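*Asks:* how would this look folded up:
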Amino acid sequence: LLVGSASAFLAPTSIPGQASQRSRAPSCTRLPATEKKTLARPPIPLASLRAGTGPATPAENKLHHKLAEIMADCSGFGLTRFVMVGGAGAILETTSDFDLVAKGFEVPGKGKYLTLATEDKLFELHIGLDKVTEVTFSQDPAKAGGHTMHVMRLKGENGTPMLSCMLQYDPAKGPGNYFEGSVAAFEKLMGKYGPSVKFCQ
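*Replies:* As a prediction, the model looks like this:
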């Protein structure tokens, strides 16, 4: 588990004129200087991040970050497979419903993080926000079986894969048979953000 003084800092933000930019090459998002400090809230479900609900806690910092909005929009994915490839040769694959609880915090000397977790915390994912340079969306045929895979990827410096989040098919029906509504939710996200969202570092 990550340790350090936790300071919540997340809130979604929108990018004016985003829809008109999809026809051009994706540009990185940048945080407005006037929005970098505000009151913070305790952890809340991802789907509620835009609602602005919940009690405020004074003397804490909260940073607006586009990734929080993107992750909130993923709540309609349903059962999702999370894949992470470690630098030392280990590969981790696990599944969870994407209706997760989000919390932002900062670890002194290590930067800002977004934590996504189930209510019981049996599933926890920590994302180093300072490391994410791009989020991509793709629908490609699987290497085995040829069924369509719906994948959101978080990338780091030089396009290095950090995390892949792919729709999990219904195990009772086999590959390519996705749960009702999950593909529509993924395609809605692609329609909103396009194939790529880049972040300024």
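*Asks:* so how far is Asp73 from Phe105?
*Replies:* 22 Å (C-beta to C-beta, to the nearest Å). Just so you know, the C-beta spots here come from the backbone N, C-alpha and C atoms, and that holds for glycine as well.
*Asks:* The residue nearest to Val135 when sequence neighbours are not counted: neighbouring residues, count only.
*Replies:* Computed as C-beta to C-beta, 6 or more residues apart in numbering, the closest residue to Val135 that is not its neighbour in sequence is Val197, at 4.7 Å. The criterion is other C-beta atoms under 10 Å. On that basis, Val197 has 22 neighbouring residues.
*Asks:* What helix or strand is Val197 located in?
*Replies:* Counting by DSSP states H and E, the element that carries Val197 is strand 196-199.
*Asks:* these two touch, right, Ser96 and Phe123?
*Replies:* Yes - between Ser96 and Phe123 there is a contact under C-beta atoms under 8 Å: 4.4 Å.
*Asks:* Can you tell me what sits against stretch 76-88?
*Replies:* When contacts are defined by C-beta atoms under 8 Å, 6 or more residues apart in numbering, stretch 76-88 is touched by residues 74, 91-98, 125, 161-168, 179, 181-182, 184-186, 188.
*Asks:* that older thread, which helices and strands does the strand holding Val197 pack with?
*Replies:* Secondary-structure packing of strand 196-199 (3 or more C-beta pairs under 8 Å, 6 or more residues apart in numbering; DSSP states H and E): strand 28-29, helix 66-73, strand 134-141.
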